[in-house]
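**Q** Pasting the sequence and the predicted model now:
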Amino acid sequence: MGLGFVVGFLGLLILFHAAYSTIQYKGLLKITEEEFSGPPLNVVIEVTLGLVFCMWAALTVPGKFLSIHPHSEENRIVSLPSNVDFMIFNHRYKVFPVEMDVKLKH
């Protein structure tokens, strides 16, 4: 397990703790019959820190990008499938008339 996974897991734990703290705070407000004006400052700091940790982990964990070679046999997007019998080119546009003389009224 690399450092990115550990930081990402720590970020998720921080976010879950911030959610739990917010739920607990709202429950306390119900007991004291006060209005919810926003989360406490420690929850905002936890959410920001958890977001930064998760973003850093998401950018570092996947690994390095590999280039795509357009003339490769494994690249199936470049070439059409050999069985074109199942390709359908009919769509909803055929219902509309060819020329539409619609003018906007001002």
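**A** Good, I have the coordinates.
**Q** got the buried residues for the helix or strand that A18 is a member of?
**A** Secondary structure from DSSP states H and E places A18 in helix 3-32. Applying a neighbour-count criterion of 16 or more other CB atoms under 10 Å, one finds G4, V7, G8, G11, I14, L15, A18, S21, T22 buried in helix 3-32. All C-beta spots, glycine's among them, are computed from the backbone N, C-alpha and C.
**Q** got the contact list for the first one?
**A** Looking back up the chat, that one is G4. When contacts are counted by CB atoms under 8 Å, 6 or more residues apart in numbering, G4 touches W56, A57, T60, V61.
**Q** Now rank those by neighbours and give me the top one.
**A** Greatest neighbour count in these, by other CB atoms under 10 Å, goes to A57: 21 neighbours.
**Q** That one contacts F5, correct?
**A** Yes. If you go by CB atoms under 8 Å, A57 and F5 touch, sitting 7.1 Å apart.
**Q** So, low pLDDT: which residues of the protein?
**A** 1, 68-106 (pLDDT under 70).
**Q** Recalculate using a threshold of 80.
**A** Along the chain, the model assigns pLDDT under 80 to residues 1, 62-106.
**Q** Mind checking which of the contacts of G4 are in helices?
**A** Members of the contacts of G4 lying in helices (criterion: DSSP state H): W56, A57, T60.
**Q** quick one: the closest residue to the second one other than its chain neighbours and K64, what's the gap?
**A** Right, the one you point to is A57. In this structure, A57 finds its nearest non-sequential neighbour in G8, 3.0 Å apart by CB to CB, 6 or more residues apart in numbering. In this view, G8 and K64 are 17 Å apart by CB to CB, to the nearest Å.
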